[in-house]
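> Build me a model from this:
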Amino acid sequence: MKAMGNVPSDFKALDGELAIAGQKASAIIAQAGRTPLFVYDFNIVRARFAALRAVMPPALSLHFAMKANPLPAMVGAMAALTDGIDVASVGEMRLAISQGADPAHMSFAGPGKRDTELEAAIRAGVTLNCESAGEAERTLAIQQRIGIAAKIAVRVNPDFELKGSGMRMGGRATAFGVDSPEVPALVRKIRAEGADWRGFHIYGGSQALGPDAIIEMQRATLALAARLGEAAGHAPPHLNLGGGFGIPYFPKEQPLDIARIGAALGEQLAARPAILAETGFAIELGRWLVGECGVYLATVVDRKTSHGETFLVTDGGLHHQLAASGNFGTVVRRNYPLAVASRFGAPPEETVTVVGCLCTPLDKLGDQVELPRADVGDVIAVFMAGAYGASASPAAFLGHGPAPEILLGA
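Reported below is the predicted structural model:
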């Protein structure tokens, strides 16, 4: 037997069955007409955002990084709830605008932006987080050609990283951002050529569960922004502090103490250097806001025993939930929280391995996990499915196609 992560406490049983947004899983499946299926409860997202707003400094803007979950209905609901949307492609930008997001409160990050993407962002009034001197040159050339001032923030590759993060984004050679020693000269060039310099974007890493590491990263980010502003000779209008807030997928992981982070950031902003006195501040969160709201539902289509090990074969798999299979950036595979939806909360009765329908041994949703007995026709629920699930998985693999997605409670 191998341990699983904990099912988020927001999910309860209704008549012995998993309920999502107050509806039984079986009723949701009947409405959708099939499994596999992603279901998101926006009530959970709304509560998380309210909890975050309550502990963060009042002047801090809270943005949604839509790459975590770009379902149009989710993006529209988040555009109405948050202070801005952060996108990573022109496709995301256009989707966000179509769902009511204000381009004036939108930023566009990511290396390798095409000229057509740069021009589209300039015309829409979206802030471009510039990733290199070459990207800045192309942006300024487009600005001159079309006669519209580009909104440009310089993404900085900082001289530090977010310790304990699942994916480190700074403090080393990277495709992301401009190395900090090169930033002041680039800022002066951007301003000299008539662009609307919007400040800095500094992002040190993601999926961190240690509050001390995030507090230290935010302290270092403020100090670096001040040094760069002074070296450039101009106060940054805005500073995007990144995000990095993690959620507890696996055994022994604990939820992040956001109250402690918020209190520390409030103290840091109150004591910030004079050059940042008029700077506006934001953080961008994706996974932390939406990750725990989602459930992936897959039906058991076969139950078999091989060499004494019981397998539950489902109609789902890694083509929809790559991360839960352990094939999305993890070194050692660990089990996401799982449950038998029709017997939610029942005590475990057996050790089983839950697999998908693909012809690869990588297609494993639960490795030797303890569950109540499940038979053909029962439904397995995979939790923590609200971020980097459907859109980050190879839905076209082997021709099974994408899973439907349903947003409830918005």
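
> And V379, how far from H63?
Going from V379 to H63 by CB to CB, to the nearest Å gives 35 Å. Glycine gets a C-beta too; all of them are placed from N, C-alpha and C.

> I meant G112, not that one.
Distance from G112 to H63, by CB to CB: 22 Å.

> so where do the helices sit in this structure?
Under the criterion DSSP state H, helices of the chain are mapped to 25-32, 42-55, 72-81, 90-98, 115-124, 133-146, 183-192, 211-232, 258-270, 287-290.

> if we can go back for a sec, who has more neighbours out of G112 and H63?
Higher neighbour count among G112 and H63: H63, with 22 against 10, using other CB atoms under 10 Å.

> looking at it, the more buried one is touching G84, isn't it?
Yes: with contact defined as CB atoms under 8 Å, H63 reaches G84; the gap is 4.1 Å.

> Could you say which one of the helices of the chain comes nearest to H307?
Closest approach to H307 among the helices of the chain is made by helix 25-32 (31.9 Å; CB to CB).

> Please identify the buried residues of that closest one?
In terms of neighbour count (16 or more other CB atoms under 10 Å), helix 25-32 has its buried residues at 25, 28-29, 32.

> Restricting to C-alpha, output that helix in PDB.
C-alpha atoms of helix 25-32 as PDB (Å, rounded to 0.1, in the frame of the first residue of the first chain):
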ATOM      1  CA  ALA A  25     -21.600  13.000  -8.700                       C
ATOM      2  CA  SER A  26     -24.000  10.600 -10.300                       C
ATOM      3  CA  ALA A  27     -26.400  13.400 -11.200                       C
ATOM      4  CA  ILE A  28     -23.600  15.500 -12.700                       C
ATOM      5  CA  ILE A  29     -22.500  12.500 -14.800                       C
ATOM      6  CA  ALA A  30     -26.100  12.000 -15.900                       C
ATOM      7  CA  GLN A  31     -26.300  15.600 -17.000                       C
ATOM      8  CA  ALA A  32     -23.000  15.400 -18.900                       C
END
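
> and it, what other elements does it pack with?
Contact partners of helix 25-32 among helices and strands, from 3 or more CB pairs under 8 Å, 6 or more residues apart in numbering; DSSP states H and E: strand 17-20, strand 37-41, strand 294-306, strand 379-382, strand 405-408.

> now the helices of the chain in TSV, with distance to P337 and mean pLDDT?
Listed next are the helices of the chain as TSV, based on distance: least, CB to CB, whole Å; pLDDT from 0 to 100:
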stretch	distance to P337	mean pLDDT
helix 25-32	15	97
helix 42-55	15	98
helix 72-81	21	98
helix 90-98	29	98
helix 115-124	38	98
helix 133-146	40	97
helix 183-192	42	97
helix 211-232	22	95
helix 258-270	21	97
helix 287-290	15	97
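
> deepest of the ones you listed, which one?
With neighbours taken as mean count of other CB atoms under 10 Å, the helices of the chain reach their highest mean count in helix 287-290, at a mean of 27.

> Report the distance from it to the chain centre.
Computed by CA atoms, centre = their mean, to the nearest Å, the separation of helix 287-290 from the middle of its chain amounts to 6 Å.

> who does that helix touch, helix- and strand-wise?
Judged by 3+ CB pairs under 8 Å, 6+ apart, the packing partners of helix 287-290 are helix 42-55, helix 72-81.

> still on that earlier bit, and which of the buried residues of helix 25-32 is nearest to T314?
Nearest member of those to T314, counting by CB to CB, is I29, at 13.1 Å.

> show me what contacts the closest one?
35, 37, 297, 379 (CB atoms under 8 Å, 6 or more residues apart in numbering).

> Can you give the distance of stretch 344-354 from its chain's centre?
Offset of stretch 344-354 from its chain centre (CA atoms, centre = their mean): 29 Å.

> I misspoke; the intended subject was stretch 386-402.
16 Å.

> residues of it that come out buried?
Of all the residues in stretch 386-402, those buried under the rule 16+ other CB under 10 Å are 386-393, 397, 400.

> For the buried residues of helix 25-32, work out which two are farthest apart.
Top of the distance list for those (CB to CB): A25 and A32, 10.5 Å.

> wait, what's in contact with R334?
Contacts of R334 (CB under 8 Å, 6+ apart): 5, 249-251, 326.

> Could you rerun that using 7 Å?
Counting by CB atoms under 7 Å, 6 or more residues apart in numbering, R334 touches F250.

> Give me the local confidence score for it.
Predicted confidence (pLDDT) for R334: 91.

> and the gap between it and F176?
27 Å.

> re the thing from before, between the helices of the chain, which one is closest to P347.
helix 25-32 (19.0 Å).

> Run the chain-centre distance for the closest one.
In terms of CA atoms, centre = their mean, the centre of helix 25-32 is set 27 Å apart from its chain centre.

> Also stretch 330-343?
Worked out by CA atoms, centre = their mean, stretch 330-343 lies 19 Å from the chain centre.
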